[in-house]
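Peer 1: Next comes the sequence, and after it the predicted model I'd like to discuss.
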Amino acid sequence: MNRRRFLASTLAASAAAGLNAQEPNSTDRNREYYELRRYHLVSGPQQKLTNSFVEEALIPGLNRLGIKPVGAFDLYLGPETPALYVLLPSASLDTLVNVESRLNDDQEYQKTGAVFLKAPAKEPAYERMESSLMVAFEGHPKLTPPPVSAQHGSRVFQLRTYESPSNHDHRVKVEMFNSGEFEIFRKAGFWDVFYGDTLVGPRLPNLSYMLSFPDLSELNAKWKAFGSDPDWKKLSSSPRFNFESIVSNISNLILNPASYSQI
């Protein structure tokens with residue numbers, strides 16, 4: 001076993017152990033896993049090269065591994081633009097954490113992506129890439145693309161990350177989602193794409209979720225409907241779910257789908 005495969009196997013075991021520790025009573029084995037990548041770019045040739053690589057080499061290679069649908073999103077509103085986000089959903093944790101070693105054995109991927117994969121240090125394909133590994137919430141175990149994605153219809157995405165001051169508070173926030181918050185988002189008219197509990201990544205403990213809507217003009221209206229929903233008022237007024245106690249920081253990004261995104 002080479003070093004890359006050893007590290008991937010170790011990561012899979014660690015993530016699985018972390019999942020078991022967080023969900024000791026969970027019997028739902030249908031929850032997906034997600035890797036969310038962020039490619040930090042510089043305006044100019046890097047953007048074109050990275051988009052071409054993701055469209056022509058990475059997504060087809062991932063699809064051959066059974067990782068689908070794959071989302072690709074340009075950062076529209078948020079810090080450190082330009083950036084490209086890539087969302088990889090998988091029913092298999094092993095497939096997800098071993099994806100690089102398996103793509104390394106994919107000759108078509110290596111050939112199609114050669115310009116990106118072998119970019120010289122003086123002209124790098126991207127500045128940095130960071131990623132998080134997540135497991136889907138029990139109440140929303142599988143990714144749900146917006147209904148217009150298949151036809152590449154108009155859609156905008158909102159990616160929100162909630163950090164908590166402790167693991168206990170983090171679990172309470174996850175519980176809050178599973179206690180009715182999903183349904184309130186749907187009643188407000190959002191298309192909810194995924195909800196992920198972060199197993200490996202920066203600034204733990206945290207969770208991330210992605211919502212979608214037809215265009216940016218609907219964002220405020222839908223959040224207003226969410227905030228005025230009687231079920232939300234009841235849920236958020238519960239002493240157990242006091243928001244200020246269980247959420248210490250929120251990051252909020254607006255993303256546009258790339259023309260080739262499968263989500």
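Peer 2: Sure thing, it's come through. Numbers count the residues shown, from 1 in each chain.
Peer 1: residue ranges for the helices of the stretch 51-200 of the chain, please.
Peer 2: Assigned by DSSP state H, counting those that start in this stretch, the stretch 51-200 of the chain shows helices spanning 59-64, 93-97, 99-104, 107-112, 114-117, 167-176, 182-187.
Peer 1: With mean pLDDT and mean neighbour count added, can I get the ones you listed in TSV?
Peer 2: For every residue, glycine as well, the C-beta is placed using N, CA and C. Formatted as TSV, these follow (pLDDT from 0 to 100; neighbours: other Cβ atoms under 10 Å):
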stretch	mean pLDDT	mean neighbour count
helix 59-64	98	19
helix 93-97	95	20
helix 99-104	97	16
helix 107-112	98	14
helix 114-117	98	15
helix 167-176	97	18
helix 182-187	96	16
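Peer 1: Can you lay out those as CSV showing distance to residue 133?
Peer 2: Rendered in CSV, the data for the helices of the stretch 51-200 of the chain read as follows (distance: least, Cβ to Cβ, whole Å):
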stretch, distance to residue 133
helix 59-64, 15
helix 93-97, 7
helix 99-104, 11
helix 107-112, 21
helix 114-117, 22
helix 167-176, 16
helix 182-187, 22
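Peer 1: Residue 263: which of these is closest?
Peer 2: helix 59-64 (10.7 Å; Cβ to Cβ).
Peer 1: where does residue 5 land on pLDDT?
Peer 2: pLDDT for residue 5: 48.
Peer 1: go on, residue 32?
Peer 2: With respect to pLDDT, residue 32 scores 98.
Peer 1: just residue 16 next, same as before
Peer 2: pLDDT, read off for residue 16, is 51.
Peer 1: ditto for the one 5 residues further on
Peer 2: Residue 21 is assigned a pLDDT of 41 by the prediction.
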